[in-house]
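Chemist: Provided below for reference: sequence and predicted model.
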Amino acid sequence: MTEAAAVSAVRILIVDDHVVVRAGLRALLEGEPGFDVIDETGDGEKAVLLADRHRPDVVLMDLRLTNGDAAADADMGGIAATRRITAAVPGVNVVVLTSYGTRGDVVRAMEAGARGYVLKAGPPEELFRAVRAAAAGGMGLAPEATAHLVGGTMGTGPVLSERELEVIGLLARGHSNRAIATTLHLAEATVKTHLVRIYRKLGTENRAGTVSEAVRRGLLEIGG
């Protein structure tokens, strides 16, 4: 790797309590141009320390992290580690990686501060896209996390049109305005108009915040 490439590479910390999974992720990520795996661990407490020490661009976090404690709540291991990292280490973005895909998992991950959610069974391109989106300050969700869009909010709140929900779904998958326009066969100006309306309805100011708020409100829902 050249010096220039090393400077621009996305620096990644892998956190997963399965050694074989970590090895596979490292090989996969290091084989993709622009990625640099700087360290790995299977322990949540150590993950927080390593994140603070290395200040990676992205922490790839196993959702069901158990920290090696058989009595630990497997649901909360990765969530707790994510919450601590995002609260204590500014500038470090967490992408959750899991074998599961429930709406509750996504909501907990987003509320803990995660900037992405990827299923382990998904294609490598989804992982790469989510990591790049998070490193750039955006939000990267796997297609499974946006496959089922519901037509209203949880409880009371603004009602979004079907087209606006489609736009949010594509935002969550990391699409640019141009890509959204192409997918939905719209002009880019029309996409921008939809975004302005969506921001106003949800009370958000940017793309990442909009996706996070949409997940919180139940506008984006995981498929079974």
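Modeler: Happy to help now that I have it.

Chemist: and this protein, what are its domain boundaries?
Modeler: In terms of domains, the chain is parsed into 3-141, 147-221 (source: automatic domain parsing).

Chemist: need these in JSON lines with mean neighbour count, can you?
Modeler: Where you see a C-beta, it was placed from the backbone N, CA and C, and this is true even at glycine. As requested, these are arranged in JSON lines below (neighbours: other CB atoms under 10 Å):
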{"stretch": "domain 3-141", "mean neighbour count": "19"}
{"stretch": "domain 147-221", "mean neighbour count": "17"}
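
Chemist: what's the mean pLDDT across stretch 206-219?
Modeler: Regarding stretch 206-219, the rounded mean pLDDT is 82.

Chemist: and stretch 131-149, by the same measure?
Modeler: In this model, stretch 131-149 has a mean pLDDT of 73.

Chemist: comparing the domains of the chain by mean pLDDT, which bottoms out?
Modeler: Taking mean pLDDT as the measure, domain 147-221 is lowest among these, coming in at a mean of 80.

Chemist: tell me how far that domain lies from the chain's centre.
Modeler: Centroid displacement of domain 147-221 relative to its chain, using CA atoms, centre = their mean, to the nearest Å, is 16 Å.

Chemist: and if you look at stretch 19-37?
Modeler: Using CA atoms, centre = their mean, we find the averaged C-alpha position of stretch 19-37 to lie 17 Å away from the chain's own average C-alpha position.

Chemist: try stretch 97-117
Modeler: Computed by CA atoms, centre = their mean, the chain-centroid distance of stretch 97-117 equals 8 Å.

Chemist: from start to finish, how long is it in a straight line?
Modeler: 6 Å (CA to CA, to the nearest Å).

Chemist: residue numbering should commence at 45 henceforth.
Modeler: In the new numbering, first residue 45, that becomes stretch 141-161.

Chemist: contacts only, for the residue nearest the centre of the chain.
Modeler: The structure's the chain has its C-alpha centroid closest to G160; by CA atoms, centre = their mean the separation is 0.1 Å. G160 sits next to 137-140, 174-175, 177-178, 183-185 when contact means CB atoms under 8 Å, 6 or more residues apart in numbering.
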